[in-house]
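Q: 3D model of this:
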Amino acid sequence: MKPLVKLNFLGAAGTVTGSKFLIETSELHVMVDCGMFQGMKHLRELNWAELPADVAAIDLVILTHGHLDHVGYLPRLVKQGFKGKIIGTAPTLAIAEIILKDSAKIHEEDAEKANKEGYTKHKPALAFYTVDEAEKALRLFKSATLNTWQQLSENIALRFQYNGHIIGATFVELDINGKRFVFSGDVGRKDDYLLENPKKPEWADFLFLESTYGDKRHPKEDLETVFIDLINKTLYNKGILIIPSFAVERLQTLMYILWKLYKERKIPAIPLYVDSPMGNNVLDVFQQFPSWHKLSISEYKAMCQYVNIISSYKETWETINNKRPKVVIAGSGMVTGGRVLTYLQQFIDHPTTTVLLAGYQAEGTRGRQLLDGAHEIKFFGKYYPVRAQIRHIESLSAHADQSGLLDWLADIRNIPECVYLVHGEASALNTFRVKLETAFHWNVKVPKLTDKEQVIV
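A: Numbers count the residues shown, from 1 in each chain. Model (predicted):
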């Protein structure tokens, strides 16, 4: 009898966040990604539940990249008894370390603030995980190289391949008894400002494919014109341009675009502040791993010198109290937390404020509420009226759109036994399923959360 492989869809199934795929074989139990759920309350509440799996039996976790929705559950996994290795590329592990430490600190601070100010139903409010718990997960990290097969056991081998998206990101290939399981992670875009084009898989017997933009094509926006217009209006109105930003890649890309416009004398010398402790640390990763991005060392240094990098909460308030027109880039990208909330608390009710949403806004996030025209948003236990101008650009997304995903699949030489569409909202998943069935005549499934399946290898 041929061996069976059990597939467990523990996250990013029927939703965009919480990526977790558990592969059980007779030799090893392997989890690919271990992310937090974000967005809607019913999803966030899943983070607090015990994982529906034998955690102690998991031998290793493989990370496609360092984003929170792919690594943010690791401390909880360790707390539940995981003792194996956590494997990823060196920059992925560096990014994951930054994100886990930062999010742990935020969890602790949010719990402390909620308890102190009494805007919590929980008595007491607890941190999702602590800095100490994050440190325990970090001690299990082990780096792997690109493009090299690594033998995990007698019949299982692993390879990481460059995938754009963010620094360190990869797609993962697992060869199990001669059958290839490919996990796309998050697929990057061609002609990115900072990153090389993604590599493409050439063989896939079982393909786990992200579908974030499976129903969309990115608009062709003239970003230079958009930023020139926004900055000129900010100066004219004597206001502030607030850009909530993801700390990894998006923040560095925004810095690069604005620096380039200033260098080419297309925008005036408006002060640009970057207020993201995590984003600042990610800048160090760019310096540490120059072969993973396009920036030269001289460009990197010139860009950093152009920007006012805020390093303390005291400087945050100094920036707020400075009445000059300014641009502020601050975390987080979906307005779910971070320093950007402090700026919005002070400026969201000013008509001279512009908030530029510079990427995907998941359901249930404050960013999505602003995008959908909310007249007020709630944070720090209070409601704040929205009088600021809300703008949105989609062309900076770090994810491939539908045509980019189809191009990423173009070099696969075989017909996969099954394609599992994951990491997408319902409309994207179903639209992309029909597209793949029509274009390639492949067997495509859209698994639900906690689905299990057995395949023969």
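
Q: For the rest of this, base every contact and every neighbour count on C-alpha atoms.
A: Will do.

Q: Need the contact partners of stretch 305-320.
A: 255, 259, 271-277, 280, 343, 346 (C-alpha atoms under 8 Å, 6 or more residues apart in numbering).

Q: pLDDT below threshold where in this protein?
A: 118-122 (pLDDT under 70).

Q: Show me which of the contacts of stretch 305-320 are buried.
A: For the contacts of stretch 305-320, a burial check counting by 16 or more other C-alpha atoms under 10 Å picks out 255, 259, 272-277, 280, 343.

Q: Between which two of these is the distance greatest?
A: W259 and Y343 (22.2 Å; C-alpha to C-alpha).

Q: circling back: can you add secondary structure and give the buried ones among the contacts of stretch 305-320 back as TSV?
A: Converted to TSV, those look like this (DSSP: H, G, I helix; E, B strand; the rest coil):
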residue	secondary structure
M255	helix
W259	helix
L272	strand
Y273	strand
V274	strand
D275	strand
S276	coil
P277	helix
N280	helix
Y343	helix
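
Q: Same question for stretch 407-417: list its buried residues.
A: For stretch 407-417, the neighbour count (16+ other C-alpha under 10 Å) marks 408-409, 416 as buried.

Q: actually stretch 449-457, not the one I typed
A: Residues 449-450 are the ones in stretch 449-457 that count as buried (16+ other C-alpha under 10 Å).

Q: And for that stretch, what's in contact with it?
A: Residues contacting stretch 449-457 (C-alpha under 8 Å, 6+ apart): 2-14, 52, 176-179.

Q: Endpoint to endpoint, it covers what distance?
A: This stretch, stretch 449-457, spans 24 Å end to end (C-alpha to C-alpha, to the nearest Å).

Q: Using the record's assignment, carve the protein into domains.
A: The record's domain parsing of the chain by automatic domain parsing lists 4-216+398-456, 223-392.

Q: now the shortest one: how far from the chain's centre is it?
A: Relative to its chain's centre, domain 223-392 lies at 17 Å (C-alpha atoms, centre = their mean, to the nearest Å).

Q: Can you give me the first-to-last residue distance of it?
A: End-to-end distance for domain 223-392, by C-alpha to C-alpha: 11 Å.

Q: Could you do the first one as well?
A: From its first residue to its last, domain 4-216+398-456 covers 5 Å (C-alpha to C-alpha).

Q: One more: stretch 362-376?
A: 18 Å.

Q: do stretch 189-201 as well
A: Stretch 189-201 end-to-end distance (C-alpha to C-alpha) = 15 Å.

Q: again, but for stretch 18-36
A: 4 Å.

Q: One more: stretch 320-331?
A: Stretch 320-331 end-to-end distance (C-alpha to C-alpha) = 15 Å.

Q: Quick check: buried residues in it?
A: Buried residues in stretch 320-331, counted by 16+ other C-alpha under 10 Å: 320, 325-331.

Q: what's the farthest-apart pair in those?
A: Farthest apart among the buried residues of stretch 320-331 - using C-alpha to C-alpha - are P325 and G331, which lie 19.7 Å from each other.

Q: what are the ranges of the helices in the stretch 101-250 of the chain?
A: Counting by DSSP state H, counting those that start in this stretch, the stretch 101-250 of the chain has these helices, from start to end: 131-138, 223-237, 250-263.

Q: so can I have TSV of those helices showing distance to I95?
A: Below are the helices of the stretch 101-250 of the chain laid out as TSV (distance: least, C-alpha to C-alpha, whole Å):
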stretch	distance to I95
helix 131-138	11
helix 223-237	27
helix 250-263	13
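
Q: Go through those and name the closest to L77.
A: Going by C-alpha to C-alpha, the one of the helices of the stretch 101-250 of the chain nearest L77 is helix 131-138, 8.4 Å.

Q: what about V5, helix or strand, and which?
A: strand 4-11 (DSSP states H and E).

Q: Give the partner strands of that strand in its sheet and their orientations.
A: Counting by DSSP bridges, the strands paired with strand 4-11 are strand 20-24 (antiparallel), strand 452-456 (antiparallel).

Q: can you list the residues that contact the first one?
A: Think strand 20-24. 5-12, 29-35, 70.

Q: Beyond that strand, next helix or strand please.
A: strand 29-34.

Q: Report the angle between that following strand and strand 4-11.
A: 30 degrees (axes from the mean of the first three to the mean of the last three C-alpha atoms, to 10 degrees).

Q: partner residues bridging the nearest residue to T148 once chain neighbours are set aside?
A: Spatial nearest neighbour of T148, excluding adjacent residues (C-alpha to C-alpha, 6 or more residues apart in numbering): R159 at 5.7 Å. R159 forms beta bridges with E173, as assigned by DSSP bridges.

Q: Quick check: P268 touching Y262?
A: Yes: using C-alpha atoms under 8 Å, P268 is in contact with Y262, at 6.6 Å.

Q: which residues are common contacts for those two?
A: Overlap of the contact sets of P268 and Y262 (by C-alpha under 8 Å, 6+ apart) is empty.

Q: more crowded one of these two?
A: Shown here are P268 and Y262; by other C-alpha atoms under 10 Å, Y262 has more neighbours (16 against 13).

Q: Next up, the contacts around the more buried one.
A: 268-269.

Q: and the gap between it and L230?
A: 14 Å.

Q: Equivalent analysis for A426, please.
A: Taken as C-alpha to C-alpha, the span from A426 to L230 is 34 Å.

Q: One more: N322?
A: 20 Å.

Q: Check F347 too.
A: 16 Å.

Q: more crowded one of these two?
A: Ranked by neighbour count (other C-alpha under 10 Å), F347 and L230 place F347 first, with 23 against 19.

Q: How much space separates the more buried one from R413?
A: Counting by C-alpha to C-alpha, the gap from F347 to R413 is 54 Å.
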